[in-house]
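K.L.:
What follows is a predicted structure for the sequence shown.
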Amino acid sequence: MQTIRPAEPLTEDLMGELLETEDVQGYLDGHPSIKRTLPEYLKQLLEEKELVRSRVVRESDLNETYGYQIFTGQRNPSRDKVLQLAFGMKLSIRESNRLLQAAGVNTLYPKDRRDAIILFCMNKGYSLQQTNAELYRRAEETIC
């Protein structure tokens, strides 16, 4: 049985609400922090998208052992390894940035040339291999 989670409020909406409030404590009480670990968020995504961990690891072009260690929290992956997982899970840009945040690394930033290419590819539904080819074609470091 799949657990249906309420949609998380958009950061922009929360920012507007925070800036308009007269009482920061009331805001804090009404909006508990969403701080999740990388393994927690990966587990949530697997459930929501009905994905199988072994297939995600394969689609992410990760070493099987290393991939499982990321899922169990035994490894702190680099930003590019997290991006590999994002492509392997076919995540949206928003989900990918949340995954990067959960891993404690920088989110994708459109002012950065390499990130702009990755964002473009992600938005167009490119695979990890297609994205790497696009990065290579534009003389940027590939994800893997």
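P.N.:
On my side now, so go ahead. Everything quoted here is computed from the prediction, not taken from an experiment.
K.L.:
The residue of the chain positioned farthest from its centre is in what secondary structure piece?
P.N.:
The C-alpha centroid of the chain is most remote from residue 22, which lies 32.9 Å away (Cα atoms, centre = their mean). Per DSSP states H and E, residue 22 falls between elements, in no helix or strand.
K.L.:
phi, psi of it?
P.N.:
Torsion angles at residue 22 (phi, psi; degrees, to the nearest 10) stand at phi -100, psi -10.
K.L.:
What's the local residue count around the closest residue to residue 122 other than its chain neighbours?
P.N.:
Excluding its sequence neighbours, the residue lying closest to residue 122 (Cβ to Cβ, 6 or more residues apart in numbering) is residue 93, at 5.5 Å. For glycine as for every other residue, the C-beta is placed from the backbone atoms N, C-alpha and C. Neighbours of residue 93 under the rule other Cβ atoms under 10 Å: 15.
K.L.:
swap in the one 4 residues further on?
P.N.:
Using other Cβ under 10 Å, residue 97 is surrounded by 19 other residues.
K.L.:
Also the one 10 residues further on?
P.N.:
Neighbour count for residue 107, taken as other Cβ under 10 Å: 14.
K.L.:
Quick check: which element contains it?
P.N.:
Per DSSP H and E, there is no helix or strand for residue 107.
K.L.:
distance of it from residue 131?
P.N.:
Using Cβ to Cβ, to the nearest Å, we find residue 107 at a distance of 17 Å from residue 131.
K.L.:
Having no further points to raise, I will conclude here.
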